[in-house]
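[1] need a 3D model of the sequence below.
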Amino acid sequence: MIKTAEKEAKQIQKKLSGFTLTVKISVDEMLAHLIIEQNDKDAVFALGEDELLKIINEAGVVYGINNERLSKIPSELILKKPIEIARGTPPGKGIESGFELLFETADGKTPVVSDDGYIDYKNLNLIKNATKDQPLAKKIHAARGKPGNTVTAKEIKGKMGKDRALPKGKNTNISPDNEDLLIATKDGSITYANNLISVEDAYTVNSDVDTATGNIDFVGSLKISGGVKAGFTVKANGNIEISKNIEDAQVFCGGSVVGKGGFVSSEKGIIKAVEDVFIKYVENGTIEAGHDVNIGGGSMNANVIAGNSILLKGAKAVIVGGKVTASTLIEAGAIGSEFGTPTLVQVGYNPKLMKELNEINSEIERLESDVERIKQAMYSLVRLELDNKLNKVQKEGLVQLKGHQKEIPNQLENLNNQRSELVQKLNENKKAKIVVRGEVFPGTTIQIGMLKREINKTVSNCTFKISQDHVALYSND
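    Below is the predicted model of the structure:
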């Protein structure tokens, strides 16, 4: 509430018909009062509202006039006491600066419901990811409050709001291109706490990955204190550490996977890492590593692929069933089983090159079949041509067949050259080897490059390497 100033800046008096009217305006010009004094005791106050308003206006009071109070003065005359007749409008308070969050702030763990009513409990968006240079918050500048007015109609500027800095936390900074933007300085998960925005490059899931967490997709490194339940997917651009078993799940990472438990699948699960994979044991699952795969126990009916080596070092370091493939080295305690379980172990074998070779072989087979089909189709058309009985469509068809017939030999030559080059590359790794500390049982196939060796009787403590274009067996003694 605005109080009347003790000292008035203005005081205007006017004498009319035995009365003195004094208009007082406060120093800040936010209040105006009228004081009426009777000079002649016999005088009768005869001024109406309009006349009073004219006197007030002449004194400079033109804003915030209390017309209701002014209208009552003639009938409710008060002498020698200040009567408030006008009040100014104070300036508005400023609006503090703020910021707009540019990421989803709602808590995760809310399943997505599709139009057909399907509830997806696997994708709960538990982690809010940020990538480097991603905008996280945008500044909303402070604003001036609404202007005020004095009783003399002077405008008073509104107060300016307080300026606040953007909520810069860990791994965030002001954009060098826009001082109003807060950006992430590295990949990670976004946290917003204590009025600060931070980006953590590592994230910990303090439970199993299951229906409570949903699938996990993170741009940094992950640590999972539990396991990964069947049917769920875990993705991370960095490393992934999993404390317990990985069930029939999918795990993908841009670094290495460290699985302190085992990996048990029903042939649907996969662990795929750009670098290394460390696992206690694997059953029926697929493991793919860009570099090494380290297995503490056994590989049972699994598909294991490594860009460099596969090392099974534990007391139960056996490979039984499935297919195990590495570029340079496979080491195991034993391979196969006494029951003759079919087991394929490959080194010096490049799956990518092999895929290309299979595609080329398929294309060669198709073109060779086309040669015979074109020959048969042309035979009947050529006979019609000799009898001058070809219609327009048949003539065009014959021209196309002759063109294909002419192109196929060149295509076959190019494909055969490519096949020869691929076979040469597949056979190049003569240093690749398979080292077995224990027994290798019948039913096992040893493959180095394109060369294979079927194991027909049990051998032990041996190394398989290429020698004179065949897979040779060497004793480790």
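[2] how about stretch 144-157: buried residues?
    145, 148, 149, 150, 151, 152, 156 (16 or more other C-beta atoms under 10 Å). Every residue, glycine included, has its C-beta placed from N, CA and C.
[3] which one among the residues you listed gets closest to residue 308?
    residue 145 (68.1 Å; C-beta to C-beta).
[4] among the buried residues of stretch 144-157, which are located in helices?
    If you go by DSSP state H, the buried residues of stretch 144-157 have nothing in helices.
[5] and the two most separated of those?
    Every pair of these checked by C-beta to C-beta; the farthest is 145 and 152, at 20.5 Å.
[6] just send the buried residues of stretch 144-157 back as TSV, with pLDDT and distance to residue 316 too.
    Below are these laid out as TSV (pLDDT from 0 to 100; distance: C-beta to C-beta, whole Å):
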residue	pLDDT	distance to residue 316
145	93	76
148	95	85
149	96	89
150	95	92
151	94	95
152	94	97
156	94	86
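[7] out of these, which one sits closest to residue 303?
    Nearest to residue 303 among the buried residues of stretch 144-157, counting by C-beta to C-beta, is residue 145 at 69.7 Å.
[8] how near is the closest one to residue 221?
    48 Å (C-beta to C-beta, to the nearest Å).
[9] try residue 212
    Noted for residue 212: a distance of 21 Å to residue 221, by C-beta to C-beta.
[10] the more surrounded of those two?
    Comparing residue 212 with residue 221 by other C-beta atoms under 10 Å, the one with more neighbours is residue 221, at 22 against 14.
[11] tell me the spacing between that one and residue 43.
    95 Å.
[12] cool, and residue 235?
    96 Å.
[13] from the neighbour counts alone, determine which of those two ranks first.
    Using other C-beta under 10 Å as the criterion, residue 235 and residue 43 rank with residue 235 on top: 17 against 12.
[14] hmm, who's touching the helix or strand harbouring the more buried one?
    Assigned by DSSP states H and E, residue 235 belongs to strand 233-236. Outside strand 233-236, the residues that touch it by C-beta atoms under 8 Å, 6 or more residues apart in numbering are 122, 209, 215-222, 224, 228, 240, 242, 249-255.
[15] cutoff 10 Å now
    122-123, 127, 202-203, 205, 209, 213-224, 228, 240, 242, 246, 249-255, 257, 270-273 (C-beta atoms under 10 Å, 6 or more residues apart in numbering).
[16] any of those buried? List them.
    Applying 16+ other C-beta under 10 Å to those flags 122, 127, 203, 205, 209, 213-224, 228, 240, 242, 246, 249-255, 257, 270-273 as buried.
[17] which of those residues fall in helices?
    Going by DSSP H, the helices hold none of those.
[18] so who does the residue positioned nearest the centre of the chain touch?
    For the chain, the residue nearest the mean C-alpha position is residue 129 (4.4 Å; C-alpha atoms, centre = their mean). Residue 129 makes contact with 103, 184, 187-190, 199, 203, 217-220, 237 under the criterion C-beta under 10 Å, 6+ apart.
[19] over to residue 136?
    So residue 136 contacts 99, 101-103, 130, 166-169, 172-173, 175, 181-184, 190, 192, 197-199 (C-beta under 10 Å, 6+ apart).
[20] which among the residues you listed end up buried?
    99, 102, 130, 166-169, 172, 181-184, 190, 192, 197-199.
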